[in-house]
Structure formats: structure tokens, C-alpha cells
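Visitor: After the sequence you'll find the predicted model.
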Amino acid sequence: MKLPILCLLPATRVAAFLLLALVGANITWAQGNYVQPRFSQQGKAAQPMPAFPGALLAGGPAAAQGNQFMDVAGNSIVMPANYCQSCPGGCSSYGGSCQGCPGGYGDPMGVDFGGYGQDQCGPHYFDISAEVVFMAGEELFDGLGAFGAVTASTDSPRVLNPNSSDGNYEPGWRIAGRYDIGALAVLEATYMGMYDTRFRDSVTSTEASNNPPNTPFSLVSVFSDFGINPIDGVDQGEVYAINYESDLQSTEFSYRRYWVGQNPRISGTWLLGARYLRMTDTLRFDAEAFMAGSEVNSRRTWDSENDMVGFQFGGDGWICLRQGLRIGGEAKTGFYNNRFKFRHSGDFPALAQGANPPADFDVSAEGNQVAFAAEGGITMVADILPSWSIRGGYQVLYLNSLATAGGNVDQSNISSTAVLTQAHALYHGFHGGVEWIW
């Protein structure tokens with residue numbers, strides 16, 4: 001009885017296997033009639049995939065056949081950067097009615113100057129920037145008045161006031177370069193220079209006098225309180241002149257880290273770095289005067305150098321107004337060691353019978369002190385070519401704790417050699433140039 005049963009077991013197993021094979025051969029895969037792709041090499045016929053089934057390729061059947069990658073709902077996985085995923089009114093696509101999503105096809109700002117194309121507002125960036133700057137110095141002669149008067153009369157016109165010649169815009173230049181060191185970080189180097197900023201003002205007695213007119217040697221100086229205490233070799237002047245020269249240079253090495261606002265139209269950078277500022281100026285007062293029966297010449301000179309080295313921090317922020325046009329502001333400040341040098345000198349005529357001019361002198365001083373500098377500005381950038389943009393704006397630079405020529409003029413004492421080191425300077429002006437992207 002047991003033998004027949006044992007003989008039936010193998011037959012049962014074979015029948016079950018054949019049944020399963022028959023059912024499997026007639027079943028289509030549930031993945032949307034998925035067809036295994038055929039691969040071929042150059043010069044060879046396409047070879048079918050192995051007969052056994054496998055998992056779907058990432059991206060679905062369409063991706064397997066060379067079309068777009070799809071998710072399980074049939075939507076494209078790859079979306080342009082300006083895809084409006086969730087907008088008011090449920091327009092989660094590229095529809096023109098999606099007004100609530102900045103940067104989408106329905107955004108009225110989402111066109112460039114030519115009126116076409118998608119908006120692509122991102123962080124402001126350039127590889128090289130070159131500009132011309134026009135800046136004026138202010139507050140360089142605070143507290144100073146006129147250096148001369150036409151006559152010793154109390155109501156005589158005052159002449160040679162350096163503040164009246166201050167504030168003229170002088171040209172300079174600036175260049176900056178950036179180098180990427182990461183996805184959101186750059187190193188930046190900047191140089192700005194303004195050289196030979198100067199003015200000259202002079203007056204002649206015979207031209208300025210009018211009571212009586214054409215009177216020679218009538219000029220008097222502020223150092224004698226306009227003739228009250230005459231100074232030989234300076235007062236009774238025929239020609240007075242003041243000459244001023246200065247330069248301003250700046251070198252910066254900075255690390256910038258990008259940030260992006262909740263709205264991608266707003267972005268900017270944080271800044272941390274080192275800066276070197278050099279500010280020099282020289283003021284001269286020249287007098288051609290009558291002394292002891294002859295014409296003599298006198299000169300008083302104030303000469304300064306300020307070399308400031310330190311660190312700075314700050315940042316900038318930009319708003320993309322529309323495709324290819326943005327406006328931004330920048331502010332930075334820092335603390336520095338100011339290595340200053342100052343020189344007083346006076347060159348007067350020699351002693352003569354009946355005359356006692358001041359003695360010649362040449363005194364220098366130098367030292368170190370903590371100084372402060374701050375800079376801010378506003379700039380607009382417009383793209384004109386794929387790699388070129390134009391830029392322009394206005395900026396202000398403030399420096400304090402300086403030893404300046406104007407800050408060391410003592411108009412009550414022509415021979416003073418005291419050195420004052422707490423002056424300040426304010427520069428402001430326009431700039432314009434180009435930006436280039438590699």
C-alpha cells in the first residue's frame with residue numbers, strides 16, 4: 001500500500017511545476033506593458049535583454065526607451081529652475097496664469113530687456129571689474145580760514161581760503177577680481193587709486209587791490225592777524241599762493257560668502273578681509289614780499305603720510321529688478337593701525353638790516369595709533385552681453401585718526417611745529433565701468 005503512494009509523489013511535483021510555468025508564460029507584467037529595451041553596439045545587431053524579468057529602471061518605462069524621466073504619477077522628474085511648484089490658485093505648473101510665483105512664465109518681471117526668455121535672477125557675480133572713479137575730498141581743511149587779505153584794513157577782502165577750492169571731483173580708477181573657492185564662496189582682490197589730486201590758488205596785490213587800485217605789496221597774511229603783527233618776509237606781499245596735493249590708495253583682500261533671500265531676487269554676500277589704505281597730502285603757502293628794500297620769498301610747508309593696515313568686515317545686498325538689471329548696496333568698516341609721518345618746514349629769507357624774519361626750521365614726527373575707516377555705496381548693474389555688464393553708482397569713504405596737512409595748520413603761529421593726529425577725511429563720488437564673466 002505504501003509503494004504506490006510513494007510513486008505518485010514525483011509525478012505530483014512535476015505536474016505542479018508545469019502548471020506554474022504555463023501560467024507564468026501567459027502573464028504580462030503589470031508595469032504598463034513594459035518592454036525590455038534592446039541594446040546594440042556599432043556594427044552589431046540589437047540583442048534582447050535576458051529573458052528573466054527585472055526591476056523597472058529609474059524614471060519609468062519612458063526613461064527606459066530614451067524619453068523623459070517620469071515619477072509614479074507620470075510627471076517629469078527634471079524641472080527647469082523656474083518651475084512654479086505651488087502657486088496661488090493651484091497653478092502648479094508652467095501656466096501663464098501663475099502670477100504669485102516670482103520667476104515663472106507668468107511673472108511680468110520674468111523677461112529680459114528684449115522681452116523674451118525666462119527670468120534667471122541669481123546672486124551677483126563677476127570675474128573681473130574695472131571702473132573709473134570721480135571722488136571729491138571733504139572736511140580736509142576744517143577750522144581753517146583765508147590765508148591772506150588784500151590790505152591790512154579790517155574790512156579788506158579775504159583771499160586764499162582752501163575750503164573754497166576743496167570738493168572738486170578728481171579722477172581715479174579701480175579694478176577688482178574674484179576667484180571661486182567653493183559653491184558659495186569667493187576670494188576677492190580690489191585696488192583703487194587716486195593720484196595727484198591737487199589745486200592751486202594765488203592772488204597778486206596789483207590785481208586785487210582797489211583802494212587805491214594797483215597798489216603793490218599790499219597783501220597781509222593770516223599769521224600776522226592780517227597785518228596787526230607784521231611778519232618780515234611774509235607781510236607786505238606782492239604774490240600769495242597756496243598749493244595742495246594729495247593721493248588716496250586702497251588695496252583689499254577679502255573672503256566673501258554668498259547668501260540668498262527667501263525670494264531668489266534678493267541675494268548678497270558677507271565679507272571679511274584685510275585692507276591697506278594710504279592717504280598723503282601736502283599743503284604749501286608761498287609768499288613773495290617786500291623786505292628791507294627788496295623782494296624776498298618765503299615758504300611754509302605741511303606734509304603728511306598715513307599708512308593704515310587692518311581688517312574689515314561687512315557685506316552687500318542685491319535686488320534683481322528684472323532680467324539683466326539689478327541694484328545693490330554695500331557697506332564695510334574696519335579698524336586699522338595707522339603708521340603716520342608728519343613734517344613741518346619753514347623756509348624764510350635771511351636776516352637783514354632792519355628786518356627780523358622767522359628762522360628756518362624742518363621738524364618731523366612719526367608714530368602709530370588706532371584708526372577707523374568705513375565705506376558704503378550703491379551700484380546698479382545692467383547686462384549687455386552674455387559675458388559683459390556695465391555698472392555705475394555712488395560711494396562714500398570716511399577715514400579718521402589721521403595726521404593731515406590741513407589739520408596741522410596753526411594760522412595764529414607760522415612757526416608752530418605741533419603735530420595733531422586726530423583729523424578725519426571724507427571722500428565721496430561717482431564710479432562707472434564694466435564687469436566681465438569668464
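Guide: Okay, I see it.
Visitor: going forward, measure contacts and count neighbours with C-alpha atoms only.
Guide: Will do.
Visitor: Check this structure for its longest strand and report it.
Guide: Using DSSP state E, we find that the single longest strand of the chain is strand 294-322.
Visitor: got the CA coordinates for the helix or strand just after that one in PDB?
Guide: The first helix or strand that comes after strand 294-322 along the chain, using DSSP states H and E, is strand 325-347. What follows is strand 325-347, C-alpha atoms only, in PDB (Å, rounded to 0.1, in the frame of the first residue of the first chain):
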ATOM      1  CA  LEU A 325      19.100  94.500 -14.300                       C
ATOM      2  CA  ARG A 326      19.900  94.700 -10.600                       C
ATOM      3  CA  ILE A 327      20.700  97.300  -7.900                       C
ATOM      4  CA  GLY A 328      22.600  96.800  -4.800                       C
ATOM      5  CA  GLY A 329      24.300  98.400  -1.800                       C
ATOM      6  CA  GLU A 330      27.500  97.600   0.100                       C
ATOM      7  CA  ALA A 331      28.800  98.600   3.500                       C
ATOM      8  CA  LYS A 332      32.000  97.700   5.200                       C
ATOM      9  CA  THR A 333      34.000  99.000   8.100                       C
ATOM     10  CA  GLY A 334      37.300  98.200   9.800                       C
ATOM     11  CA  PHE A 335      39.900  99.000  12.400                       C
ATOM     12  CA  TYR A 336      43.500  99.800  11.500                       C
ATOM     13  CA  ASN A 337      46.900 100.600  12.700                       C
ATOM     14  CA  ASN A 338      47.800 104.000  11.300                       C
ATOM     15  CA  ARG A 339      51.600 104.500  10.800                       C
ATOM     16  CA  PHE A 340      51.700 108.300  10.400                       C
ATOM     17  CA  LYS A 341      54.600 110.600   9.500                       C
ATOM     18  CA  PHE A 342      54.400 114.400   9.600                       C
ATOM     19  CA  ARG A 343      56.800 117.100   8.500                       C
ATOM     20  CA  HIS A 344      56.800 120.800   9.300                       C
ATOM     21  CA  SER A 345      59.100 123.000   7.400                       C
ATOM     22  CA  GLY A 346      59.600 126.800   7.000                       C
ATOM     23  CA  ASP A 347      62.000 128.500   4.600                       C
END
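Visitor: Now do the contacts for the residue nearest to the spatial centre of the chain.
Guide: Most central in the chain under C-alpha atoms, centre = their mean is residue 330, positioned 6.7 Å from the mean C-alpha point. Counting by C-alpha atoms under 8 Å, 6 or more residues apart in numbering, residue 330 touches 314-317, 376-378.
Visitor: Beta-bridge partners for it, please?
Guide: Residue 330 has these beta-bridge partners by DSSP bridges: residue 316, residue 377.
Visitor: Which pLDDT value goes with it?
Guide: At residue 330, the pLDDT value in this model is 98.
Visitor: same question, residue 343
Guide: 97.
Visitor: Next, count neighbours for it.
Guide: By the measure other C-alpha atoms under 10 Å, the count of residues near residue 343 is 20.
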